[in-house]
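Trainee: predicted coordinates and the sequence they were generated for:
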Amino acid sequence: MNRASLPDGVQLLLDCAHWIAVAAPYLAVVIAAGFIAACGISWRRALLVRDALAGRTRVETVPTSTFDPGEGEVRRWSQHLGRVSYAAGGTPRRGRAARLHYSARNGRMRCYLEGHAHAQAVLTMPGFAEVEIRASGSRSDIQPVRFSVPAPRRSSS
C-alpha cells in the first residue's frame, strides 16, 4: 500500500504518530527538567517553612477575672490576628500563620499566641481591653513591622 491509496484520516494519524515519535526525546527532557525544577521549588519552600517555624515568637495572654468579650471585640481581634500573616512577608502560608496554644500546669490554664518572628510587634499589641500580653523578651527587642506600600495608581485621563 502506498501513501496515495490511504484515506485522509489515516494519513493524518500516521503523520501525528511520526511527529510524536520525533519529538518524544525532547519532550522527555522538558518533562524531566520541569520535574527537577518543581522538586527544587518544593525543597526551598520546605526549608523556608522549617526556618519560620523554628524562629517563632510566643506571647502569653492573661485575661482578667471579668473578661467577657462581645462579638465586636472577637471580630476585631480576629482581624488583628490576620495581620500576623501579612507581617511575615514571603514565607509560605504554613510558616506565617498565627497559632493559639493552650496548656494546663498545676491546675492553671494558660493561653499562648504564637506567630512569625517578624510579626512580634503585631503579636504584642493587645487585642482585647481586659487581656494583658506578656512577651518572653524585653520590649526593646521588638522590631517595628514594615508593610509594603502599593504604588499609587495613575489615572488614565
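Mentor: Looks like it arrived, so ask away. Computed from a prediction, not measured in an experiment: that's the story for all the values here. Numbers count the residues shown, from 1 in each chain.

Trainee: so how far is stretch 126-133 from its chain's centroid?
Mentor: 26 Å (C-alpha atoms, centre = their mean, to the nearest Å).

Trainee: could you pull out the buried residues of it?
Mentor: By 16 or more other C-beta atoms under 10 Å, the buried positions in stretch 126-133 come out as 127-128, 131. All C-beta atoms are positioned from the backbone trio N, CA, C, and that covers glycine.

Trainee: could you dump those to JSON lines with secondary structure and distance to Gly95?
Mentor: Below are those laid out as JSON lines (DSSP: H, G, I helix; E, B strand; the rest coil; distance: C-beta to C-beta, whole Å):
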{"residue": "Gly127", "secondary structure": "coil", "distance to Gly95": "22"}
{"residue": "Phe128", "secondary structure": "coil", "distance to Gly95": "26"}
{"residue": "Val131", "secondary structure": "strand", "distance to Gly95": "26"}
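
Trainee: export those to JSON lines and append columns for pLDDT and distance to Ala88.
Mentor: Listed next are the buried residues of stretch 126-133 as JSON lines, based on pLDDT from 0 to 100; distance: C-beta to C-beta, whole Å:
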{"residue": "Gly127", "pLDDT": "74", "distance to Ala88": "18"}
{"residue": "Phe128", "pLDDT": "77", "distance to Ala88": "23"}
{"residue": "Val131", "pLDDT": "78", "distance to Ala88": "23"}
